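# compute the structure for the input listed below.
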Amino acid sequence: MDKEHELKQKTLDKSEVLTNDYIYDWAIKLAEGALARKLPVKLLGATAFINRCPKHRDLYFKFDRRLTDVDVMTYGNVKSEKIDQFFAEQGFEKQQHYIWHASTRDIFLNQDGLLVDVFRDKLEFCHTIYFKNRLNGNHLTIPLEEMVLQKLQIVQINDKDFKDLSVLFLEHAVADGSQDSIDAGFISNLFAKDWGFHHTATTNLEKFKDYLSEIPLLTDDDKTLIRQRTDQLLASIDKAPKSMSWKLRSKIGTRMKWYNEVEDIER
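Residues are numbered from 1 along each chain as shown. The predicted structure is shown next:
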């Protein structure tokens, strides 16, 4: 991670060039370019939240959310040559000396110092999120459900993550399978098989409801709506029938570590 920090520091040193607008515009250009070429390359992280919350984009930036790079997800079975060629055409060079997990992650950099982190198939941090068959369709981002999961998997969740969630829950309803909503059923079924992820996520959702009172930019109506949607998701998670492995693991509880240790990362 020292080399990764070094590389990201180089991008921060060019902050006069790497403005929020510059980074976001490149994120959209890359995602749209991939979609036009039928490459399953989807935005995740901060740029994804901005793209999927157009009605509340101003609120997002009022939170002083500083963009630093572009994160994308693709499938592991997409040939590296296709990914490399696509980014090369956009002026991005593959960083051969900064590849830690060649089969699951690549780094690209352009002449202005913009870093693009390309993940394959999954995110492995406190908990693992898998993307098999989840990167199809015409959206420029990963699905809303994985955007929620990306935040809820963080054991040491912070105010930046809560603010991201608040914008997402303000913009999108929580419903089972409804178009452009957060699919509670999908999330609930996933947690019903994984006690550890379930425990981290539900703990974070309860913290999230409490944290809303500390966000002065949200109106009382905003906070009420977000809490209602959070409670909808929690109720769905609670009702989902749990697997036998979930029940057995629940008996051990937090006496055994239920998450993976990770170093602090930019999200």
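# alpha carbons only for contacts and neighbour counts from here, please
Fine.
# got the contact list for residue 144?
Under the criterion of Cα atoms under 8 Å, 6 or more residues apart in numbering, the contact partners of residue 144 comprise 180, 181, 182, 183.
# let me redo that: residue 227
Under the contact definition (Cα under 8 Å, 6+ apart), the residues listed for residue 227 are residue 209.
# for residue 41, see how far away it is.
Spatial separation of residue 227 from residue 41 under the definition Cα to Cα, to the nearest Å is 32 Å.
# again, but for residue 211
Here the criterion is Cα to Cα. By it, residue 211 lies 33 Å from residue 41.
# so for the two, which sits in the more crowded spot?
Neighbours were counted for residue 211 and for residue 41 using other Cα atoms under 10 Å; residue 41 has more, 28 against 16.
# okay, now the closest residue to the more buried one other than its chain neighbours: neighbour count?
Closest residue in space to residue 41, ignoring its immediate chain neighbours: residue 74 at 4.8 Å, by Cα to Cα, 6 or more residues apart in numbering. Here the neighbour count serves as a burial measure; for residue 74 (other Cα under 10 Å) it reads 24.
# residue 25 versus residue 74, what's the distance?
20 Å.
# ok, residue 136 - contacts?
Residues in contact with residue 136 (Cα under 8 Å, 6+ apart) are residue 40.
# pLDDT at it, what is it?
Per-residue confidence (pLDDT) for residue 136: 94.
# tell me the phi and psi of it?
Note on residue 136: backbone dihedrals following degrees, to the nearest 10 are phi -90, psi 180.
# hmm, residue 27 is touching residue 47, no?
Yes: here residue 27 lies in contact with residue 47, judged by Cα atoms under 8 Å, at a distance of 6.8 Å.
# residues touching residue 261, list them.
For residue 261, the contacting residues are 125, 126, by Cα under 8 Å, 6+ apart.
# now do 10 Å
125, 126, 127, 155 (Cα atoms under 10 Å, 6 or more residues apart in numbering).
# can you report how many residues lie near the third one?
By the criterion of other Cα under 10 Å, residue 127 has 23 neighbours.
# can you list the buried residues in the longest helix along the chain?
The helix spanning the most residues in the chain, taking DSSP state H as the definition, is helix 220-239. Taking 16 or more other Cα atoms under 10 Å as the basis for neighbour counts, the residues of helix 220-239 that come out buried are 222-223, 225-234, 236-237.
# so which of the contacts of residue 261 is the most crowded?
Counting neighbours by other Cα under 10 Å, the one among these with the most is residue 127, which has 23 neighbours.
# how near is the residue nearest to that one when sequence neighbours are not counted to residue 109?
Counting by Cα to Cα, 6+ apart, residue 127 lies nearest to residue 153, which is 5.5 Å off, once chain neighbours are set aside. Distance check for residue 153 against residue 109: by Cα to Cα, it reads 28 Å.
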